[in-house]
Each structure stands twice: as structure tokens, then as C-alpha cells.
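[1] Provided below are the primary sequence and the corresponding predicted coordinates.
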Amino acid sequence: MKCGSSSLTARFGKRLADNYDALVGTNPVGISFSEYSLADPSAWDYLRPVLAENNGWALFIGTPRGENHFADLFKMAKDSPEWFAELQTVEDTGAISLDNIEREKQAGMPASMISQEFYCSFSSGVAGAFYGSYLDKAQEEGRIGNVAWEPASSVDTSWDLGFGDSTAIWFYQRVRKELRIIDYLEASGVGLEWYAKELDRKPYSYGSHTLPHDAAVRELGSGRSRVEILRGLGIGIAAVRSILNRCWFDESKCAQGLKALRSYRTEYNPKAQVFKPTPIHDWTSHAADAFRYLAVGLERIDRRERNRNSVLWAETSAGRYQV
């Protein structure tokens with residue numbers, strides 16, 4: 001791959017696509033996205049103006065991972081005369097025999113994984129997803145749709161901070177027994193001042209802002225160790241699952257965050273024939289981590305009196321304190 005070349009054809013694997021903003025200076029006329037369902041969907045939005053300027057092309061190849069950005073792109077391409085879209089299962093390609101698939105099934109491979117990997121099913125859900133079934137239930141019960149902002153109630157936020165990585169923010173209200181998730185914001189490569197301005201641009205009256213547990217003791221760019229990321233992860237995932245049955249999501253404003261929550265998953269270990277206990281760290285992690293902080297901090301937030309002044313809080317292993 002040569003920077004600045006007008007004849008550049010680039011192949012984007014998951015790692016490169018997740019670091020798309022580091023590609024400033026390249027000038028491709030063709031881009032091939034490999035396993036696009038696993039890549040950060042923002043990569044395409046970021047790079048498509050370059051292709052438009054060069055009258056270039058893009059190729060998206062991959063296996064479905066539920067109803068995510070790859071599914072949206074495939075549906076659009078199928079309905080557009082300007083795009084080519086093709087789906088081929090093992091029955092079309094013959095790459096893997098049906099006997100081999102049956103042996104995988106007998107060996108314990110989950111049905112959802114068989115549908116996904118061998119039959120290219122977008123509707124079977126994301127194999128190993130932590131929250132997929134909970135969000136499916138919310139969809140069935142009509143809790144994902146048009147969720148009105150209640151001006152009489154303050155808006156709380158929950159953050160996952162990143163530098164280089166994305167920063168993700170969920171906006172929510174507690175109205176009676178409902179937890180209304182009314183908005184979502186995610187960006188990368190910008191400082192805290194940018195997020196502060198974005199929050200000011202919104203019409204909300206803020207209550208409390210929940211940040212990661214190390215936000216007050218580390219600079220934004222210092223990062224977190226693996227131990228810190230994994231500490232309390234199981235408790236956090238359980239906390240998210242415990243509140244999802246009372247969450248209402250605005251489908252439009254939270255679209256990006258919802259796709260991330262649906263795709264937040266762990267990998268299948270074929271040798272042990274079980275899913276791994278820890279999640280994959282990819283483009284879905286920022287939204288999922290921010291929502292985890294929301295769930296874990298919610299019980300503590302509920303105990304405190306809130307006023308209309310914005311108060312900044314940080315989570316620590318010892319509790320929650322005002323900055």
C-alpha cells in the first residue's frame with residue numbers, strides 16, 4: 001500500500017478498518033473490505049468521499065454477524081441498480097459438504113453459528129452475542145422506536161473515554177419506572193472540548209455524568225490495562241442484562257449504539273466447544289462499555305438527590321464520588 005498513489009488499490013482487513021483515521025494521505029481508487037461485518041462501520045463513511053472523488057470502487061466481503069451495518073449495506077445493494085450484491089451458501093458453493101456440517105452440529109456447534117457461518121443467515125442473530133436476545137425482546141415489545149425526550153426531566157449521560165479509540169456517550173432519562181435511552185454520540189480523534197460543545201448543542205438539561213472508574217486519576221490518553229478492563233466485567237454484563245427489560249431506545253438517535261450492543265460478543269472456541277468468557281475488543285466495545293457503566297452506576301445514582309445543575313461523577317472500585 002503506497003500513500004499518495006492515485007492508482008492505489010487497498011485491502012482493508014478488520015485491524016486496518018478499525019484504525020481508518022490513520023489512513024490520512026492515502027488516495028485509493030479501489031478498496032476491498034474483508035470481513036466487513038467485523039469492521040468499524042465508520043470506516044466506509046470516512047473513506048467513501050475519497051472514492052467518489054477518484055471515481056473509484058469498493059468491494060465488501062464477509063460472513064453475516066446479525067442485523068448490523070453489513071446487513072444494511074447488503075439490503076441496500078440488493079435494491080440498487082448501481083450495486084452488485086450476491087449471497088452464496090455452502091449449498092451454492094459446495095465448499096463444505098453437508099456431511100461435514102452435520103458432524104460439526106453433532107460435535108456441539110450452536111445452531112445459530114451453523115446458520116451464520118455456513119448458510120450466511122443475517123437473521124439468526126450474532127453467535128456469542130451478550131445482549132442480542134434481550135434487544136430482540138425489546139423490539140418485539142415495541143420498546144425500540146420513537147422515544148420522546150421529556151423536557152421536564154433531566155438527562156443523564158454515561159461515557160466510555162478513548163483517545164485514538166472512540167469515545168461513546170449514552171443519553172438517558174428515568175421517567176417513572178422507564179429507562180428511556182434517548183440519544184447516543186460516538187466520535188474519535190477529538191478532545192474533551194469537542195464533546196463538551198456537542199453536549200451544549202443539544203437541548204437537554206443535564207443531571208449527572210457517569211465516567212469510567214479511572215477517569216479522575218488518569219489522563220485521557222493514558223489508556224487502561226487489561227486487568228482494569230476485565231475487572232468487574234462479569235458484574236457489568238449482568239447489570240446490563242438486568243436493566244434491558246425496562247429500557248426504551250430511540251431507534252433513530254441510538255441507531256449506531258444499538259448496532260454495537262447487538263454485535264457485542266465473544267468468540268466460539270471450537271476445541272472446547274464453548275464460547276469464551278470475555279468479549280472481543282472491537283468497534284462495539286465503546287458503546288458496550290459506556291452502557292455497562294450506565295447499568296453499574298444506575299443503582300448508586302438512584303440513591304442520590306439530583307438537581308438541575310450538572311454534576312460530574314466518577315466510578316471507582318470503592319464507590320462513586322464527585323469530581
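    Cool, the structure landed. Residues are numbered from 1 along each chain as shown.
[2] would you map the strands across the stretch 51-200 of the chain?
    Counting by DSSP state E, counting those that start in this stretch, the stretch 51-200 of the chain has strands at residues 57-61, 144-145, 155-160, 166-175, 178-188.
[3] pick the most buried one from the ones you listed.
    strand 155-160 (a mean of 24; mean count of other Cβ atoms under 10 Å). (Glycine included, C-beta is placed from N, CA and C.)
[4] residues making contact with it?
    149, 167-174, 182-183, 199, 204-212, 215, 285-287, 289-291, 293-294, 297, 301 (Cβ atoms under 8 Å, 6 or more residues apart in numbering).
[5] sheet partners, orientation included, of that strand?
    Strand 155-160 has the following strand partners under DSSP bridges: strand 166-175 (antiparallel), strand 206-211 (parallel).
[6] now the strands of the stretch 51-200 of the chain in CSV, with distance to residue 44 and mean pLDDT?
    Output for these, formatted as CSV (distance: least, Cβ to Cβ, whole Å; pLDDT from 0 to 100):
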stretch, distance to residue 44, mean pLDDT
strand 57-61, 7, 90
strand 144-145, 24, 96
strand 155-160, 22, 94
strand 166-175, 15, 94
strand 178-188, 15, 94
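[7] please report how far residue 265 lies from residue 47.
    Distance, residue 265 to residue 47, using Cβ to Cβ, to the nearest Å: 25 Å.
[8] which stretches of this protein have low pLDDT?
    Across the chain, the ranges flagged by pLDDT under 70 are 1-25, 123-125, 163-165, 213-234, 269-274, 299-323.
[9] by how many degrees do the longest helix along it and strand 178-188 diverge?
    Secondary structure assigned by DSSP state H gives helix 285-303 as the longest helix of the chain. Helix 285-303 runs at 140 degrees relative to strand 178-188, counting by axes from the mean of the first three to the mean of the last three Cα atoms, to 10 degrees.
[10] for this structure, which residue occupies the most central location?
    residue 260 (2.1 Å; Cα atoms, centre = their mean).
[11] any idea which residue of the chain is furthest from its center?
    The chain, farthest from centre, Cα atoms, centre = their mean: residue 99 at 35.7 Å.
[12] still on that earlier bit, mind putting the strands of the stretch 51-200 of the chain into TSV with distance to residue 90?
    Output for those, formatted as TSV (distance: least, Cβ to Cβ, whole Å):
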stretch	distance to residue 90
strand 57-61	16
strand 144-145	33
strand 155-160	38
strand 166-175	35
strand 178-188	36
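[13] what about residue 289, how many residues close to it?
    Neighbours of residue 289 under the rule other Cβ atoms under 10 Å: 25.
[14] beta-bridge partners for the closest residue to it other than its chain neighbours, please?
    Counting by Cβ to Cβ, 6 or more residues apart in numbering, residue 160 is the residue found nearest to residue 289 once chain neighbours are left out, at 4.0 Å. Beta bridges link residue 160 to residue 168 when assigned by DSSP bridges.
[15] how is the protein divided into domains?
    1-62, 132-322 (automatic domain parsing).
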